[in-house]
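*Asks:* got a predicted structure plus its sequence, pasted below:
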Amino acid sequence: MATLKQIRRRIRSVQSTRQITKAMEMVAAAKLRKAQVRAAAVEPYALALREALDRLSASGSLGGHPLLERRPEGRTLLCVVGSDRGLCGGFNAGVTRLAEQRLAALGPQRVRLQPVGGRVARYFAYRGWDFADAAVAAGDQVDPATVGR
């Protein structure tokens, strides 16, 4: 049976862990809010771009432009986005589970895999998937130069 001193030490340990977890939760919530604000700021641009592309494709002024031609389906690029670090195991597990289902449905021969995030990259590398490169450690701020590569 545990002594009173051991019980008190355990209580302090749990309280300390609770404080650390609460602080980490507050930091994550602040980062999420910032990301949501940035995503909302891009929405008008995305809508305007979609409208411009719709008008351009409807006008037929591009005629036989190669990007507007219908082509037979070839390989599919599956971009799997997860986190770089832990503390969100349920999220990463859900992402990889859905990706595995999608890969099975499409057939491994018809898919090129592009992992984004360290956890997802390690998951698929461990399972023997071949991919050219993974976007790892992108952080909170994404540089437009790295997105296009």
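*Replies:* Okay, I see it. Bear in mind that the values here come from a model prediction, so they are computed numbers and not experimental data.
*Asks:* quick one, longest helix in this protein?
*Replies:* If each helix of the chain is counted by residues according to DSSP state H, the longest one is helix 4-59.
*Asks:* packing partners of that helix?
*Replies:* If you count contacts as 3 or more Cβ pairs under 8 Å, 6 or more residues apart in numbering; DSSP states H and E, helix 4-59 packs onto no helix or strand. Where you see a C-beta, it was placed from the backbone N, CA and C, and this is true even at glycine.
*Asks:* next secondary structure after that helix?
*Replies:* From helix 4-59 onward toward the C-terminus, using DSSP states H and E, the following helix or strand is strand 76-81.
*Asks:* list the contacts of that next one.
*Replies:* Contacts to strand 76-81, defined as Cβ atoms under 8 Å, 6 or more residues apart in numbering, come from residues 95-96, 99, 102-103, 106, 110-117, 120, 124.
*Asks:* pick out the most distant pair among those residues.
*Replies:* For these, the maximum inter-member distance is 23.2 Å, found between 110 and 117 (Cβ to Cβ).
*Asks:* if you count surrounding residues, which of those two has more?
*Replies:* With other Cβ atoms under 10 Å as the criterion, residue 110 and residue 117 differ in neighbour count, and residue 117 comes out ahead with 22 against 12.
*Asks:* what residue, apart from its backbone neighbours, is nearest the more buried one spatially?
*Replies:* Spatially, and ignoring its direct neighbours in sequence, residue 117 is nearest to residue 82 (3.8 Å; Cβ to Cβ, 6 or more residues apart in numbering).
*Asks:* can you tell me the centre-most residue of this structure?
*Replies:* residue 81 (2.5 Å; Cα atoms, centre = their mean).
*Asks:* tell me who's in contact with the closest residue to residue 80 other than its chain neighbours.
*Replies:* With Cβ to Cβ, 6+ apart as the measure, residue 99 is the residue that lies nearest to residue 80, at 4.4 Å, once sequence neighbours are left out. Applying Cβ under 8 Å, 6+ apart, we find residue 99 in contact with 78, 80, 120, 124.
*Asks:* out of those, grab the one that's most surrounded.
*Replies:* The most crowded member of these, judged by other Cβ under 10 Å, is residue 120 (25 neighbours).
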